[in-house]
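1. Need coordinates for the below:
(2 chains)
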Amino acid sequence: MAFDEMSGEASAYGTHVRESYRGLARWLAEAPEGLLQARSRQAELFFRRMGITFAVYGDAESSERLIPFDVAPRIIGAAEWAGLEAGLIQRVAAINLFLADIYGPQECLKAGVLPAELVLTNPHYCPEMQGQRPPRGIWVQIAGVDLVRTGEDDFYVLEDNCRTPSGVSYMLENREMMMRLFPDLFADYPVRPVETYADMLLASLRACAPEAAGADPTIVVLTPGPFNSAYYEHSFLADKLGVELVEGRDLFVDDGKVFMRTTEGRQRVDVVYRRIDDDFLDPLTFRPDSALGVPGLMAAYQAGAVTLANAVGTGVADDKAVYTYMPEIIRFFTGEEPILNNVPTWRCREPEALKYTLAHLEELVVKEVGGSGGYGMLVGPAASKSEIETFRRRLIDDPDEFIAQPTLALSTAPTLDRNGELAPRHVDLRPFVLSSPEGVKVAPGGLTRVALKEGSLVVNSSQGGGTKDTWVLDV
Amino acid sequence: MRIQIDHATTYAYDRAARFIIQRLRLTPRSSEAQQVRNWSVETDVDARLRRSEDAFGNIVHTLYTEQPTQGLTVRVTGEVITSDTGGVVPPDQETLSPLVFLRDTPLTRPEKLISVFASEFSAHPPLDRMHRLMAAIHGSVAFEVGVTTPTHTAGEVLALGRGVCQDHAHVFIACARQTGVPARYVSGHLLRRDTEDQEAAHAWAEAWIEGLGWVGFDPANGVCPTDRYVRVATGLDYLGAAPVRGASYGGGGESLAVRLSVRDADVQQRQQQA
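-> Coordinates of the predicted model:
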């Protein structure tokens, strides 16, 4: 039985209500019949009118669509959040130290914390960055860590998205929508604001600018363009930050510095919040056929003349095979015990693990090492015999490409079902973590994704998932 | 040997380019096996040249033009004094672990044909394996200019059975990595016996042999490099060591011409004295 965040257990919603949800339960009890359903229809109308479309992380393959929004908030109490926050700060701080070490002295490889080969032959390790120190020494300015919950005090990290995590526009839009729909509910609840995210991000990016940039660095958001599935979020963020949204062709590099074309001539750029993958950043260093990047950007970057957020080569830290060593990485770099759990993982590259995985396919989740977005994944308990057999063959052919994990009983949160009734549905959580020389900070909230199908454990929007507003309480 | 190099790369445009940026890997680095003397990098238009070093240890010049440009020639000249090391590259300060050179790249990915071809040699110890591999590639891929382009992958070249030195190097690198031996691409110059004037720079490969370090293999010629070879740049494949990678803004109808002469300075001196 899964842990339900409102009732503590996954039965029909009845008498027992956990502390953080009591205000909601009271509001629901007092609300006239059909109010929640009416607000839900209203929300859909608003979103359609605003035209918010975009896929969470799935990128290229998904066509634009409206992701379903669920009006029942996901509520996290102050004490629960405090533990999560401490765990996230510890984890992202360790990841920054790990990347500085991997691209520097490689002490963790010498000490055998993880196999050197796993890092150095990893497709996301970037040899061009070896020996480089990004401006201010920060590698992952923005992380979107995927968490799931299995019990009152049990949180597990599923993925540390350290490249160009998306979904933060949902956190902000969902809150705006909720405040519009339920002003009375907010009046009673001490919900911490997420609207300050743009200010936090701006301050964080400014603090990461090269020393030479001075007190007022110029920041831009670099997008692949309107055909990218997350373009909406890119323009949304540029707007919230109050900075220019640019494409590769709007920038150029001259004499080791980055400039933006403007109607008043060239303007120096100090920080690029880039939403373009490493491979496409600079056709003179990476893929020569990339029309999305900026020729010579790496020359400016390696000269320390521009900050790229996130740094180049950070993908090696969110690789699924490297992930399995994260507890050891945290211990090595912080000297502390990890606060957040890693999901126990069988690395199929190891013969014993492969043997175990093949024998327990019906109960495990099997993932591709380089995959994301819920694609190319086997959820054993929900899979058909033929799906399992297909995976068995793939595993035997190429064990290095896979990891396996137990099927976690993800927590549920009350969600409006097709009949307009509140019913438990599985959820995950992606909080956004910002790093700068001034420290690591977590926005009090995040993106809650919910599997709308009863019993489904796959929350990805491409697989029928929706989103919810996430409330972090002050008390 | 004393090898004199004069290498000019000319880009011409039908319509002038507003601005050109190029990253040049044309300058050899001195090492125990090669001493670089009187090296110069010159352009025939006003341009800024900034020198840096990349993670592979290559000297990189980044060139930025300062005015609209119809034609741009970059000319490097200099002398390199080489010694024969039996193909073994003297140890240098390497930033990158040899393990990095086990990585696949799009140009050297382990296609089926590569795996099959390489598997024939897997049973032999690494150094022997590399020698056999070099001989086999020399025998299987005929040297022929004009049948391949820089986008041909190692597998495609092997299927075609024809190519130029960079293709031979890619096949060697892909096969070596496939058998678990780190391998890298080398661009450079070869002092030929038949001619001083050459159409293009040379390329070969290096393999990491435990106990020896990096060892050169020139599968286009079926030999290990001698003192007739000058190493200029290394990379995971051609793209990482390419002499010029650039972009032009507003230029139309780009064409490229290369002029290269590699000569034996001592012979020249003797001839002049005679």
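2. does the residue of the stretch 151-300 of chain A found nearest chain B sit in a helix, a strand or a coil?
-> In the stretch 151-300 of chain A, no residue comes nearer to chain B than A:P295, which is 3.6 Å away by C-beta to the nearest C-beta. Where C-beta positions appear, they are placed from N, C-alpha and C, glycine not excepted. Under the three-state scheme (DSSP: H, G, I helix; E, B strand; the rest coil), A:P295 adopts coil.
3. Strands of the stretch 151-300 of chain A, residue ranges please.
-> A:154-161, A:219-222, A:244-246, A:251-254, A:257-262, A:265-268, A:271-274 (DSSP state E, counting those that start in this stretch).
4. For the fifth one, buried residues please.
-> Taking 16 or more other C-beta atoms under 10 Å in any protein chain shown as the basis for neighbour counts, the residues of strand A:257-262 that come out buried are A:257-260.
5. hmm, that strand touching chain B?
-> No - Strand A:257-262 lies apart from chain B when judged by C-beta under 8 Å from any C-beta of the partner chain; the minimum separation is 9.9 Å.
6. Could you list the contact residues of the stretch 101-250 of chain B toward chain A?
-> Close to chain A, as judged by C-beta under 8 Å from any C-beta, the stretch 101-250 of chain B has residues B:102-104, B:236, B:239, B:245-247, B:249.
7. list the contacts for B:G240?
-> B:56, B:105, B:185, B:233-234 (C-beta atoms under 8 Å, 6 or more residues apart in numbering or on different chains).
8. Tabulate these (a markdown table), appending distance to B:V116, neighbour count and pLDDT.
-> Shown next, in a markdown table, are the contacts of B:G240 (distance: C-beta to C-beta, whole Å; neighbours: other C-beta atoms under 10 Å in any protein chain shown; pLDDT from 0 to 100):
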| residue | distance to B:V116 | neighbour count | pLDDT |
| --- | --- | --- | --- |
| B:F56 | 30 | 23 | 96 |
| B:T105 | 20 | 20 | 96 |
| B:Y185 | 22 | 28 | 98 |
| B:A233 | 31 | 26 | 98 |
| B:T234 | 28 | 25 | 97 |
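9. Tell me, domain by domain, which residues of the chain belong where.
-> Since you didn't name a chain, this refers to chain A. Structural domains assigned to chain A are A:19-340+A:408-472, A:344-406, following automatic domain parsing.
10. that's the wrong chain, I wanted chain B
-> With automatic domain parsing as the reference, chain B has domains B:2-82+B:243-273, B:98-241.
11. Which one of these lies nearest to A:P105?
-> Among the domains of chain B, the nearest to A:P105 by C-beta to C-beta is domain B:2-82+B:243-273 (14.3 Å).
12. and the residue of the stretch 151-274 of chain B nearest chain A?
-> For the stretch 151-274 of chain B, C-beta to the nearest C-beta, closest residue to chain A: B:A247, 3.6 Å.
13. Quick one: residues in contact with the strand or helix carrying that residue.
-> Using DSSP states H and E, B:A247 maps to strand B:244-249. For strand B:244-249, the surrounding residues in contact (C-beta under 8 Å, 6+ apart) are A:252, A:283-285, A:288, A:295-296, B:9, B:11, B:13, B:17-26, B:63, B:74, B:239, B:254.
14. Recalculate using a threshold of 7 Å.
-> Counting by C-beta atoms under 7 Å, 6 or more residues apart in numbering or on different chains, strand B:244-249 makes contact with A:283-284, A:288, A:295, B:9, B:17-24, B:254, all of which sit outside it.
15. could those residues be laid out in a markdown table, adding neighbour count, secondary structure and distance to A:E264?
-> A markdown table is the format used below for these (neighbours: other C-beta atoms under 10 Å in any protein chain shown; DSSP: H, G, I helix; E, B strand; the rest coil; distance: C-beta to C-beta, whole Å):
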| residue | neighbour count | secondary structure | distance to A:E264 |
| --- | --- | --- | --- |
| A:P283 | 21 | coil | 27 |
| A:L284 | 25 | coil | 27 |
| A:P288 | 15 | coil | 32 |
| A:P295 | 26 | coil | 23 |
| B:T9 | 21 | strand | 36 |
| B:A17 | 21 | strand | 23 |
| B:R18 | 13 | coil | 18 |
| B:F19 | 19 | strand | 18 |
| B:I20 | 24 | strand | 24 |
| B:I21 | 23 | strand | 22 |
| B:Q22 | 25 | strand | 28 |
| B:R23 | 25 | strand | 29 |
| B:L24 | 24 | strand | 32 |
| B:E254 | 14 | strand | 30 |
